[in-house]
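[1] Build me a model:
(chains A and B)
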Amino acid sequence: MFRYYLMLGLRSLRRNPALTALMVVTLAIGVAASVSTLTILHVMSGDPVPAKSKRLVVPLLDVGPKANYSPDRRDPYMIQSTYPDAINYLRSGPGVRRTALYGVATSIEPARREDPLIDLSGIATTTDYFPMFDVPLRFGSAWSAADDERGSRVAVLSKRKAEAIFGSKDPVGQRIRIWDTDFTIVGVVGDWNPVPRYTNLINGSGGYFEGEEQLLIPLKAATDLAVEPNGNVSCSHESAAGWAAFLASECTWIQAWWELASAADRPAAQAWLDAYVAQQQRGGRLERRAPNELFDVMQWMDFLKVVKPDSKLAVWLSIGFLVLCIVNTMGLLLAKFSTRAAEVGVRRALGAGRAAIFRQFLVETTVVGLAGGLLGLALSFASLALIRQQSRDLSAVAHMDWEMLATTFALAVVASIVAGLLPTWRACQVTPALQLKSQ
Amino acid sequence: MEIRPIFSALMKSRTGPLLVAVQVAISLAILANALFIVQQRIAVSQRPSGVASERDVGHVYVRPLRKLSHPEVLAEQQREAAVLRGLAGVKAVAWTNQMPLSRSGSSSSVRATPEQVHESAQPSQYYVQPGFIQALGLRLVEGRDMTEADVMESDPEKDAEAIPPGVIVTESLGRALFPNESRFVGRTFYFGLGGEQPTRIIGVIERLQTTAAQPGEAGEQSVLEPLRLSTSGSHFAIRAEPGQIDRALKEAAETLRKTSPMPVRTFTRSMAEERTNRYKNEKALAWMLIAVSALLLLVTVSGIVGMTMLRVAQRRKQIGVRRALGARWRDILRYFVTENLIITTGGIAAGLLLALGLNRLLIAYLGVPRLPLEYLAVGAGALWMLGVLAVYGPAARAAGISPAIATRTA
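    From the prediction side, this is the model:
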């Protein structure tokens, strides 16, 4: 019977191609608008590292002075760690791995004066960065823990930058001159592009979604060479001049990360942090006695407001638009079905139950929904392509994935069924006797 | 024309008209809110930066790859400025640490009194020297410009943060520091936590946006500090002859690279580019909302057209009878237009409430401001007009139905 209804439906849709096209297009536009905005929101608020996102945590202390502290007010710039705290975490913090990182930017000095400089931006970090964030290496390897201790002048390049400088061959062992110092290339990062860029959201090289670490060097090499941070630096206390004083200061400019063995270790990590802060307070620091916070990956992205309210606004309004499209289709279907009262009357008179009529018309609306879904999918791809032109950040997030593909279809079919329910129900109400009489 | 018969006919078959009214209501709710948000974003992106004839201004950044000593850096700054001034088409050059709208730079909290617990503002700190105000064409509204005597020389490697004794503030910053005053010259305030000595305001400029150009007052809270600093890199604001800025900037970067005694990194950006980059997201959202609004109206119009066509089709015979009984072309047209007006008016009435409700939600969850009533009026007017236009075609066709129809059966 289903195949018969399908055939009937297709025939009926063919009978009035303009009306059918209008319904399909309306549904498609509504679905495309919702799907493109939802896709962006979905990617922006996606979990960049599902396997680890509960185990990777960021510790955050309030290092501000007591004088201007009020517990209900948060300093918007105090979102990183001080250097002394970061080093203490690295030495004795909780969890199975710990790292710290800060943004750096430099240029490679060319061998010949006439040649152009090659700009590099990236991070200074520790070797645990690579296993912690599952960063694969295409060539070579990360530097060793001993390199971290010594502050060896070694560097890891991103795949794209390595190819731009050395071509596709293995550059391990080559030297580059940055910060007036020779650095030896020890590795090249393979394909690794988490969206959002959760490891380094407070960065000087790109936005939340776009950009990459082109250069990675040992933290100690950077601090030994007094490499200024390329990114957010927030100082809440007066501090003396010079690099050594800066390192010792209460300025926050380093991001610390801990990897716990399991999400269940979080209370233990919190306890460690509280104990650490208590010990620092005995030494006269951290006089605000504000709560010491831990954030896992999703909490951290939420805290830094990675998803802008604008993206949510766009989703709300486009869902409103979809509702409008559904109401519109409902009206069109009502018009279509109302002209077929006679047909329904005959079927009913010949013994078809209301349920049978209901099924027949539902099949017809579902066909409209599927067509709308297909067209909506095409339109979504087109509108996402258009959105990608708008900004670099949007170009990183306006990409359809399988989940959204399925959502598109589900949305179109559900929308068409919702739109078809009322007209179908009305069609079922036809009294056969009346229809037959009028003929 | 009698409204009563039209109304009672409407009440007989409610579903179709009701659906159209719902469409009009949803359209109005979304349209009014979307247009309001678009207007807001456009207004934000068109705020003046304070820089006069902005399209002729840009900046070049230069940074040597090697570390230089304090006197070497200052000497380089002098040399670079001289080189840039010598370029063709360059009208003015001024050293600075940052440019408005560039989204990267320094800021510091300030307080009117050291006892104050919370800061009065977090202004953008422009480290500049005499000539900066002229180069950018900022408007001095009170007090005086800085002179060489105001400039404090400082080595960030050796000296703690230099705070010059006299600074120039924007009017907006003055208001934030001293809310009850209108003149700010001679007043003093404190940087940071207000530890040591106060800073005196020597002049007030009308406007200079911050590097972030935040929406609201904070976006215009800037302070000009007369400082000569040996920073690792230098920004030079450049004003060019009209239409020459892109060429001048390109030439500036090339000349700096060529004439420098050591390898240097350079980049340039015109104010036009800064503005585009700063407001990219605002523009993207505005375009998206405009596109949705246009589609919204299109869908609503198609809904009205479709419904009227259906009603005409259902009543061909009645129309014929009315025509046969002497109704003129005009009467039939008026019937459908009036019927449509009743439906859209009902929809608009519901839409006004829906729009306010949607605005409440947006206020509560997304921090959107309150919807001004003009937007409701404009949206309602637009939908009314579109409704009449949409109904005109099908109604005119209905009016053209021949009275002879009345004599035929079915």
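[2] tell me which parts of the stretch 51-200 of chain B are close to chain A?
    Counting by CB under 8 Å from any CB of the partner chain, the residues of the stretch 51-200 of chain B close to chain A are B:65-67, B:104, B:117-119, B:155-161, B:192-193, B:195. For the C-beta atoms, the positions are set from N, CA and C on the backbone; glycine is no exception.
[3] Find the nearest non-adjacent residue to the residue nearest the centre of chain B, please.
    Of all residues in chain B, the one closest to the mean position by CA atoms, centre = their mean is B:Val44, 2.2 Å from it. Computed as CB to CB, 6 or more residues apart in numbering or on different chains, the closest residue to B:Val44 that is not its neighbour in sequence is B:Pro215, at 5.2 Å.
[4] about what we covered before: just the buried ones from the residues of the stretch 51-200 of chain B next to chain A?
    B:Leu65, B:Glu119, B:Asp155, B:Pro156, B:Glu157, B:Glu161, B:Gly192, B:Leu193 (16 or more other CB atoms under 10 Å in any protein chain shown).
[5] residue ranges for the helices of the stretch 151-300 of chain B, please.
    B:171-177, B:245-259, B:271-278, B:280-314 (DSSP state H, counting those that start in this stretch).
[6] would you turn the ones you listed into TSV with mean neighbour count and mean pLDDT?
    Formatted as TSV, the helices of the stretch 151-300 of chain B follow (neighbours: other CB atoms under 10 Å in any protein chain shown; pLDDT from 0 to 100):
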stretch	mean neighbour count	mean pLDDT
helix B:171-177	24	97
helix B:245-259	18	95
helix B:271-278	18	94
helix B:280-314	20	86
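[7] List the buried residues of the lengthiest helix in chain A.
    For chain A, the helix with the greatest residue count under DSSP state H is helix A:354-388. Buried residues in helix A:354-388, counting neighbours by 16+ other CB under 10 Å, are found at A:357-377, A:379-381, A:383-384, A:387.
[8] Please apply the same query to stretch B:10-25.
    For stretch B:10-25, burial by neighbour count (16+ other CB under 10 Å) applies to B:Leu10, B:Gly16, B:Pro17, B:Leu18, B:Leu19, B:Val20, B:Ala21, B:Val22, B:Gln23, B:Val24, B:Ala25.
[9] Next: stretch A:335-350.
    By neighbour count on 16+ other CB under 10 Å, the buried set for stretch A:335-350 is A:Ala335, A:Lys336, A:Phe337, A:Ser338, A:Arg340, A:Ala341, A:Glu343, A:Val344, A:Gly345, A:Arg347, A:Arg348.
[10] just checking, the residue nearest to the centre of chain B touches B:Lys283?
    No: B:Val44 is beyond contact range of B:Lys283, at 10.4 Å (criterion: CB atoms under 8 Å).
[11] can you list the domain ranges for the chain.
    No chain specified, so I'll use chain A. According to automatic domain parsing, chain A comprises the domains A:2-45+A:308-438, A:56-303.
[12] hm, I was asking about chain B
    Taken from automatic domain parsing, chain B resolves into B:3-46+B:280-407, B:54-275.
[13] Work out for me the element the residue lying closest to B:Leu285 once chain neighbours are set aside sits within.
    Leaving out its chain neighbours, the residue that sits closest to B:Leu285 by CB to CB, 6+ apart is A:Asp310, at 5.1 Å. Taking DSSP states H and E as the definition, one finds A:Asp310 inside helix A:309-338.
[14] low pLDDT regions in the chain?
    Looking at chain A here, since you left the chain open. Scanning chain A for pLDDT under 70 picks out A:203-206, A:435-439.
[15] right idea, wrong chain: chain B
    B:1, B:193-195, B:406, B:409-410.
[16] Which helix runs longest in it?
    Under DSSP H, chain B gives helix B:329-366 as its longest helix.
[17] buried sites along the helix or strand that comes right after that helix?
    Sequence-wise, the next helix or strand downstream of helix B:329-366 (DSSP H and E) is helix B:373-399. Buried residues in helix B:373-399, counting neighbours by 16+ other CB under 10 Å, are found at B:375-376, B:379-380, B:382-384, B:386-387, B:390-392, B:394-395, B:398-399.
[18] which stretches of chain A form strands?
    A:56-60, A:81-82, A:97-108, A:118-125, A:137-140, A:154-157, A:175-178, A:181-189, A:215-218, A:252-259, A:293-296 (DSSP state E).
[19] Throw those strands into CSV and include mean neighbour count and distance to B:Leu341, thanks.
    Shown next, in CSV, are the strands of chain A (neighbours: other CB atoms under 10 Å in any protein chain shown; distance: least, CB to CB, whole Å):
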stretch, mean neighbour count, distance to B:Leu341
strand A:56-60, 24, 60
strand A:81-82, 24, 66
strand A:97-108, 24, 62
strand A:118-125, 23, 62
strand A:137-140, 18, 69
strand A:154-157, 26, 69
strand A:175-178, 18, 73
strand A:181-189, 20, 66
strand A:215-218, 27, 67
strand A:252-259, 25, 62
strand A:293-296, 17, 57
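[20] so can I have a markdown table of the ones you listed showing distance to chain B?
    Output for these, formatted as a markdown table (distance: least, CB to the nearest CB, whole Å):
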| stretch | distance to chain B |
| --- | --- |
| strand A:56-60 | 20 |
| strand A:81-82 | 17 |
| strand A:97-108 | 4 |
| strand A:118-125 | 7 |
| strand A:137-140 | 25 |
| strand A:154-157 | 16 |
| strand A:175-178 | 8 |
| strand A:181-189 | 10 |
| strand A:215-218 | 14 |
| strand A:252-259 | 13 |
| strand A:293-296 | 21 |
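[21] the helices in the stretch 1-150 of chain B, which residues?
    Secondary structure of the stretch 1-150 of chain B by DSSP H, counting those that start in this stretch: the helices cover B:3-12, B:15-45, B:70-85, B:132-136.
[22] Return the most buried member of these.
    helix B:15-45 (a mean of 23; mean count of other CB atoms under 10 Å in any protein chain shown).
[23] Next, the angle from that one to helix B:373-399.
    Angle, helix B:15-45 to helix B:373-399, by axes from the mean of the first three to the mean of the last three CA atoms, to 10 degrees: 140 degrees.
[24] quick one: contacts for the residue nearest to A:Cys251 when sequence neighbours are not counted?
    Spatial nearest neighbour of A:Cys251, excluding adjacent residues (CB to CB, 6+ apart): A:Cys235 at 4.0 Å. Residues in contact with A:Cys235 (CB atoms under 8 Å, 6 or more residues apart in numbering or on different chains) are A:Ser249, A:Glu250, A:Cys251, A:Thr252.
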